[in-house]
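K.L.:
kindly generate the corresponding structure for this input.
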Amino acid sequence: MTKRESGLPGGVVEALRLCVVVFFAGVGFSLSQALGNGTQVRVGPFDDTGTSIVLGAAVGYVLGGVIARLTGRAMGQAEAALRDRSVEQVLAGLAGAVLGVLISAGLLWPVLLVGSISVTIPLFFFVCITIGTLGYRMGLSQREGVLLLLGSRAGLHRATSVASLPRVLDTSVAIDGRIVDVIRAGFLHGRLVVPQPVIDELQGLADASDDARRSKGRRGLETLAALQRERGIDVEVIGDEARETREVDAKLIRMTIDREAALLTLDTNLARAAGLAGCRVMNLHALSLALRPPVSAGDLVAVLLTRPGKEAGQAVGYLDDGTMVVVERARTKVGGEVRATVTSVLTTANGRMVFARPESSLS
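P.N.:
Below you'll find the predicted structure:
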């Protein structure tokens, strides 16, 4: 049996096989002692006891490969199931497993004293190797989170990653709704905190007389309901922990700082204010800008011109990703699509602005 077949390192496989061999050899010895009548019949170099031990070891050698393979497969399935869990969930599961093992060992200790040492010792080592290997794999897959949670007690000082912090949800993210797709794509996980002021603000929008505001509020509430159904994230609704503050944005900043969390927002102005206040910020708007396809001077783009520009002769259009394009000498072509060559790209806090000229004017 190879490492590829079992999913375990070769040394672990052989160690498990050795435990099984010793276990069955001990079983053979115990059976020989229990069934023996005080006489020993010698067959070649072995007597009855030796024959039982050899036969037991042979059975253990044959079955050891099968048991090690099945153990490796089971650990692979457990690893796959735990990979999508947060660090907090993994540690909670490990704590429960350790507690269960300690309780079981305490209850079964008298039985272990009565049983044969030749049987109980290899069984003990087999279980230790199996659980130790599984814990090793889990520690590797969640090493950053484990070090983050245990670093202070272990004397380690590591920079806190924003991605590992709980996220306080802003109203703009709920209204936008794309966060559900981001979570389903696997780019967000862990704990998502929804403050009551955000829910109240969405409810107020949903009850507004204006159709546009009412649509935003309902979309935001539907987004929160969809988030609670997602398996890849834990949604926690909290009360108003900053009652002394009136503005919702100020409440979010205050609660994010107090909870040592990160503010998840699409509002660029709120992100700036939160950053100045010392708050950790995850700006989804900045993420969307970073993921836009690159455009540089000299590129040829096709753009639909939708309105005149501010300066004489200018026309404004937008690329598929929402990037605004200002085309010189194209005001007469508003309402149609033109091919334009990029002359310069201006990056601002609110996004990217592209300046171009019609392809025909450059020839």
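
K.L.:
can we go C-alpha only for contacts and neighbour counts from here?
P.N.:
Noted.

K.L.:
least confident secondary structure element in this protein?
P.N.:
Within the chain, no helix or strand scores below helix 3-6, which has a mean of 43 by mean pLDDT, DSSP states H and E.

K.L.:
after it, next one along is what?
P.N.:
The helix or strand immediately downstream of helix 3-6 is helix 10-35, counting by DSSP states H and E.

K.L.:
and that next one, what does it pack onto?
P.N.:
Helices and strands touching helix 10-35, by 3 or more C-alpha pairs under 8 Å, 6 or more residues apart in numbering; DSSP states H and E, are helix 3-6, helix 48-83, helix 117-141.

K.L.:
can you flag the weakest of those helices by average pLDDT?
P.N.:
Lowest mean pLDDT of these: helix 3-6, a mean of 43.

K.L.:
for this protein, longest strand please?
P.N.:
Counting residues, the longest strand found in the chain (DSSP state E) is strand 337-348.

K.L.:
tell me what angle the following helix or strand past that strand forms with strand 337-348.
P.N.:
Where DSSP H and E defines the elements, the next helix or strand beyond strand 337-348 is strand 351-358. Using axes from the mean of the first three to the mean of the last three C-alpha atoms, to 10 degrees, the inter-axis angle of strand 351-358 relative to strand 337-348 is 140 degrees.

K.L.:
and strand 351-358, what other elements does it pack with?
P.N.:
For strand 351-358, the packing partners by 3+ C-alpha pairs under 8 Å, 6+ apart are strand 324-327, strand 337-348.

K.L.:
what lines up beside that strand in the sheet?
P.N.:
Using DSSP bridges, the strands paired with strand 351-358 are strand 324-327 (parallel), strand 337-348 (antiparallel).

K.L.:
domains in the protein, as residue ranges please.
P.N.:
3-149, 162-290, 300-362 (automatic domain parsing).

K.L.:
and Val162, how many neighbours does it have?
P.N.:
Here the number of neighbours of Val162 (other C-alpha atoms under 10 Å) works out to 14.

K.L.:
that one contacts Leu263, doesn't it?
P.N.:
No - using C-alpha atoms under 8 Å, Val162 is not in contact with Leu263; the gap is 9.6 Å.

K.L.:
isn't Asp176 right up against Arg218?
P.N.:
No - applying C-alpha under 8 Å as the test, Asp176 and Arg218 come out as separate, 11.1 Å apart.

K.L.:
of these two, who's got more company?
P.N.:
Between Asp176 and Arg218, counted using other C-alpha under 10 Å, the more crowded position is Arg218 (18 against 14).

K.L.:
nearest spatial neighbour of that one, chain-adjacent residues omitted?
P.N.:
Ala206 (5.1 Å; C-alpha to C-alpha, 6 or more residues apart in numbering).

K.L.:
for that neighbour, give me its contacts.
P.N.:
For Ala206, the contact set (C-alpha atoms under 8 Å, 6 or more residues apart in numbering) comprises Arg213, Arg214, Ser215, Lys216, Gly217, Arg218.

K.L.:
in helices, which of the residues you listed appear?
P.N.:
Arg213, Arg214, Ser215, Lys216, Gly217, Arg218 (DSSP state H).

K.L.:
most neighbours of all these, which one?
P.N.:
When neighbours are taken as other C-alpha under 10 Å, the top entry among these is Gly217 (25 neighbours).

K.L.:
where does that one land on pLDDT?
P.N.:
With respect to pLDDT, Gly217 scores 93.

K.L.:
use 29 as the first number from now on
P.N.:
Yes, from this point I'll number from 29; that puts the last item at Gly245.

K.L.:
ok, it to Glu387 distance?
P.N.:
44 Å (C-alpha to C-alpha, to the nearest Å).

K.L.:
what of Thr334?
P.N.:
Relative to Glu387, Thr334 is positioned 18 Å away (C-alpha to C-alpha).

K.L.:
shaky segments in the stretch 129-278 of the chain?
P.N.:
Applying pLDDT under 70 to the stretch 129-278 of the chain flags the ranges 129-189, 191.

K.L.:
and the strands in it, which stretches?
P.N.:
195-197, 218-223, 261-266 (DSSP state E, counting those that start in this stretch).

K.L.:
would you confirm that Tyr314 belongs to a strand?
P.N.:
Actually, residue 314 is Ala. It isn't Tyr. No - using DSSP: H, G, I helix; E, B strand; the rest coil, the secondary structure at Ala314 is helix, not a strand.
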